[in-house]
Each structure stands twice: as structure tokens, then as C-alpha cells.
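Visitor: Just a sequence and a predicted model for now, questions to come.
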Amino acid sequence: MWKKISSRPDIIFALLMIAFVRLVPHPWNLTPIGATGLFAGAYLSRSWAWLIPLIPLAIGDLVVGGYNPIVMLSVYFGFAGTALIGGLWMAQKINVYRLGGAVISGSVWFFLISNFGAWLSGMYAYSWSGLAECYLMALPYFGNTLAGDTCYSILFFGVFHLLYSNYGSKQVTA
């Protein structure tokens, strides 16, 4: 079983890795934020794991500027939920199957919540057809969300596993 992050150097390493990747330019919706939530949920305590994806998101939003408050709230809620999903899927054991399930669940969760917020903000008609149109129009972006969550999750979990299994004091097993 993989161990939870418990020491200050572990937490600092995790935050530095996430901050570094957040600074790398990326295509639309191909971001590390969802994977950040999954990683935090898997390794950090629930009491503040949900904040970890929100910190780089908030910094990015401060630089870029705000947007519709309802959409913004739903995006933050969607990403905070990925930390809960990471904790639920990988609380007992982290392996490739659980990681895959968490990535898919996190991407779908974010898609549903963030686009519901877009509909709720008035970007589409307040009707079932407006909601359906909102989700249909967002489908092209879902591929990048899923790809970003997958690639960055492989990067975060893989680098962390390799470093701690080869150089760290933790006993990490697959």
C-alpha cells in the first residue's frame, strides 16, 4: 500500500511539483488542476486536500482575471470535488486501476458540475433543452479535460512513486 504524505518535506515536494506544472503553458482545458485534486485527495488529509487544487486555480484567476461568478463558483466546486474523489478511490490503496477510475470519475464530475454552472449562469435557456445544449456544446472540451487529468495524474503519481520508491524513506509498492 502507498503511504499518505505525512512529513513536511513530502508536502513541500508535492506542492512544488504542482506549482511547477501549473506554470507550464497548456492548451485549452488541458490543465493539471484536476490531477492536482486527485493527488491531494490520495495523499493529504481530507481537512485541507480540497484546497490544494484551488490554490493554483485562484492564482491563475488572479493573473488572468475573473469571470462570471456562478461559473467561477462551479469550476472551483468541481475541482474541489476531485480531491474528494481522489481520497475515496485511493484511500486504502493506490494502483493503476484505482487511479484510472479516479481520473475518469474526476473528469466526469468536473464536466457535469462546471457546465451545470454555465447553464445556471444564464449562458443557455433555463429549460431542459437549454441544459442539454449546454452539455452538448461542452463535449468537445471534455476530451482535453480527460487527457489533461490522465497525463498530469500519470506525471504526479508516477514521479512521486519513482522518487519515493528509489530515493525516499517510504516503502512504496505497486
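Guide: That came through, no problem.
Visitor: Can you list the residue ranges for strands in the protein?
Guide: Counting by DSSP state E, the chain forms no strands at all.
Visitor: Any buried residues in the longest helix that it contains, and which?
Guide: Of all the segments of type helix in the chain, defined by DSSP state H, the longest one is helix 128-166. Neighbour-count burial for helix 128-166 flags 131, 134-135, 138, 142, 144-146, 148-150, 152-153, 156-157, 160-161, 164 (criterion: 16 or more other CB atoms under 10 Å). (C-beta placed from N, C-alpha, C; glycine too.)
Visitor: And stretch 33-48, by the same measure?
Guide: Going by neighbour count (16+ other CB under 10 Å), the buried part of stretch 33-48 is Ile33, Gly34, Ala35, Thr36, Gly37, Leu38, Phe39, Ala40, Gly41, Ala42, Tyr43, Leu44.
Visitor: Over to stretch 70-83?
Guide: By 16+ other CB under 10 Å, the buried positions in stretch 70-83 come out as 70-72, 74-83.
Visitor: Name the nearest of those residues relative to Pro56.
Guide: Distances from Pro56 to the buried residues of stretch 70-83, taken as CB to CB, are shortest for Phe79 (9.6 Å).
Visitor: Now for the residue sitting nearest the centre point of the chain: which residues touch it?
Guide: With the centre of the chain defined as its mean C-alpha position, the nearest residue by CA atoms, centre = their mean is Gly34, 1.5 Å away. Neighbour list for Gly34: Pro53, Phe79, Thr82, Val103, Gly106, Ser107, Phe110, Thr145, Gly148, Asp149, Tyr152, Ser153 [criterion: CB atoms under 8 Å, 6 or more residues apart in numbering].
Visitor: again, only this time at 7 Å
Guide: Phe79, Thr82, Gly106, Ser107, Phe110, Thr145, Gly148, Asp149 (CB atoms under 7 Å, 6 or more residues apart in numbering).
Visitor: State the distance from it to Gly66.
Guide: The span separating Gly34 from Gly66 equals 21 Å under the rule CB to CB, to the nearest Å.
Visitor: Alright, I will stop here.
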